[in-house]
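In: sequence and computational prediction follow.
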Amino acid sequence: MESDQKSEPKPESKSEPTCDDLFSCTLCGDCCKGYGGTYLTPADVEAIADYLGTTPQALVSGYTQISGTRRVIAQGANGYCIFWDKVCTIHPVKPWMCRQWPFIPAVLVDVNNWRAMAASCPGMNTELTDEHIHACVAKKMTRRSE
Ligand code: SF4
Ligand code: SF4
């Protein structure tokens with residue numbers, strides 16, 4: 001293969017998009033709405049409990065629910081994540097899943113997943129080529145795992 005998929009596409013001119021053009025969160029909160037989407041790792045539970053000044057046990061019993069086989073953040077009466085209040089109230093320690101979004105492995109499996117995810121996330125740019133999206137997602141994921 002001639003191209004390195006993990007390298008950022010080289011702009012051909014000043015108007016060419018870069019990886020910074022791929023995603024810009026509008027803070028709309030749409031991804032924080034709905035039940036069962038945000039699962040918690042054990043590290044998430046520890047970090048959020050510490051941030052809130054409570055115990056992991058109290059966090060689990062007071063702020064989470066079971067969805068299928070996974071423990072997820074509970075949904076508030078307004079339909080949003082229980083930690084949403086116009087902003088994410090646990091932003092510094094928000095779950096791994098929230099920190100990763102939208103740079104997730106599923107996009108590397110099939111770039112169409114990026115376009116499907118973008119239907120519910122206005123911050124995701126779909127006006128880019130599949131190659132560009134793939135390369136930039138791979139690059140962002142690599143950076144986050146460093
Ligand atoms: S739906 Fe997308 S743009 Fe809106 S808050 Fe979530 S990540 Fe940001
Ligand atoms: S933890 Fe924060 S970013 Fe994640 S779904 Fe809840 S409010 Fe949104």
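Out: Done, it's in. Ligands and ions are numbered 1, 2, ... in the order given.
In: centroid-nearest residue for this structure?
Out: For the chain, the residue nearest the mean C-alpha position is W101 (1.5 Å; Cα atoms, centre = their mean).
In: ligand 2 contacts on the protein?
Out: 32, 38, 73, 81, 83-84, 88, 90, 94-95, 98 (Cβ under 6 Å from any ligand atom). For every residue, glycine as well, the C-beta is placed using N, CA and C.
In: pull the longest helix from this protein.
Out: Criterion DSSP state H: the longest helix present in the chain is helix 130-145.
In: can you show me the CA trace of that one as PDB?
Out: Output of helix 130-145 as PDB, limited to C-alpha atoms (Å, rounded to 0.1, in the frame of the first residue of the first chain):
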ATOM      1  CA  ASP A 130     -13.300   8.300   3.500                       C
ATOM      2  CA  GLU A 131      -9.500   8.200   3.300                       C
ATOM      3  CA  HIS A 132      -9.200  11.500   5.100                       C
ATOM      4  CA  ILE A 133     -11.600  10.400   7.800                       C
ATOM      5  CA  HIS A 134      -9.900   7.100   8.300                       C
ATOM      6  CA  ALA A 135      -6.500   8.600   8.500                       C
ATOM      7  CA  CYS A 136      -7.500  11.300  10.900                       C
ATOM      8  CA  VAL A 137      -9.500   9.000  13.200                       C
ATOM      9  CA  ALA A 138      -6.500   6.600  13.400                       C
ATOM     10  CA  LYS A 139      -4.200   9.500  14.200                       C
ATOM     11  CA  LYS A 140      -6.500  10.900  16.900                       C
ATOM     12  CA  MET A 141      -6.900   7.400  18.500                       C
ATOM     13  CA  THR A 142      -3.100   6.900  18.500                       C
ATOM     14  CA  ARG A 143      -2.600  10.200  20.200                       C
ATOM     15  CA  ARG A 144      -5.200   9.500  22.900                       C
ATOM     16  CA  SER A 145      -3.600   6.100  23.700                       C
END
